[in-house]
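Enquirer: Here is my input; please provide its structure:
(one chain, ligands or ions: 1)
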Amino acid sequence: MQIAERTVASFNYTLTNDAGTVIDSSSGTDPLTYLHGVGNIVPGLEKAMEGRSAGDKFDVKVSPEDGYGTPNEMLIQVVPREAFQGVDDIEVGMQFQAQTPQGAISVAVAKIEDGMVTVDGNHPLAGQNLNFAIEVVDVRAASEEEVRHGHVHGAGGHNH
Ligand code: ZN
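Expert: The predicted model follows:
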């Protein structure tokens with residue numbers, strides 16, 4: 001069976017940046033399982049999965065436009081240290097929920113200097129090429145319920 005709309009695919013992956021550093025990997029855990037065609041994985045990878053079968057191994061480079069997007073300056077803000085009431089130790093890399101007119105977003109502390117804290121609401125991988133090494137493990141037909149819900153049920157998916 002080939003990966004197409006209304007199929008559920010499982011795959012092992014290693015994700016590296018352009019410097020060759022491993023950012024994420026399924027090594028040591030279960031393969032990632034997703035419903036194909038509904039945007040459950042980044043667009044560039046989903047496109048590359050199309051038509052693959054169990055046992056296929058391939059590498060794909062996904063540009064930021066087809067990955068986690070390009071960094072948006074609007075999502076970078078400098079706020080006074082005093083804005084973090086109730087937080088004793090602020091460190092670079094800490095994550096917070098920030099309220100915006102578009103709803104709550106996750107922001108990370110990027111810099112602390114002179115009592116001012118720079119927070120960045122961009123995805124940590126925004127602006128980066130994503131280099132995936134993929135091994136397709138399994139492809140099966142999605143159930144009607146999975147198609148309706150837009151996600152996978154059972155092993156590697158939702159239990160509800
Ligand atoms: Zn569901």
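Enquirer: May I have the phi/psi pair for M74?
Expert: phi -60, psi -20 (degrees, to the nearest 10).
Enquirer: How about E145?
Expert: In this entry, E145 is assigned phi and psi values of phi -70, psi -40 (degrees, to the nearest 10).
Enquirer: Likewise for the one 10 residues further on?
Expert: Dihedral pair for A155: phi -60, psi 130, per degrees, to the nearest 10.
Enquirer: my read: it touches V8, true?
Expert: No - with contacts defined as Cβ atoms under 8 Å, A155 does not count as touching V8, sitting 10.0 Å away. Every residue, glycine included, has its C-beta placed from N, CA and C.
Enquirer: which residues do these two both contact?
Expert: T33 (Cβ atoms under 8 Å, 6 or more residues apart in numbering).
Enquirer: With neighbour numbers in mind, choose between those two.
Expert: V8 (24 against 12; other Cβ atoms under 10 Å).
Enquirer: tell me the contacts of that one?
Expert: Residues near V8 by Cβ under 8 Å, 6+ apart: T33, Y34, L35, H36, V139, R140, A141, A142, E146, V152, G157.
Enquirer: Any idea which residue of the chain lies closest to the ion?
Expert: Sorted by distance to the ion under Cβ to the ion, the residues of the chain start with H149, at 3.2 Å.
Enquirer: Is Q77 located within a helix, as I assumed?
Expert: No - the assignment for Q77 is strand, going by DSSP: H, G, I helix; E, B strand; the rest coil, so no helix is present there.
Enquirer: who's the closest residue to it other than its chain neighbours bridged to?
Expert: With sequence-adjacent residues excluded and distances taken as Cβ to Cβ, 6 or more residues apart in numbering, Q77 is closest to V119, at 5.6 Å. Using DSSP bridges, the beta-bridge partners of V119 come out as Q77, V109.
Enquirer: Touching, V119 and P80? I think so.
Expert: No - contact criterion Cβ under 8 Å: V119 and P80 do not qualify, at 11.5 Å.
Enquirer: Sweet, I'm off.
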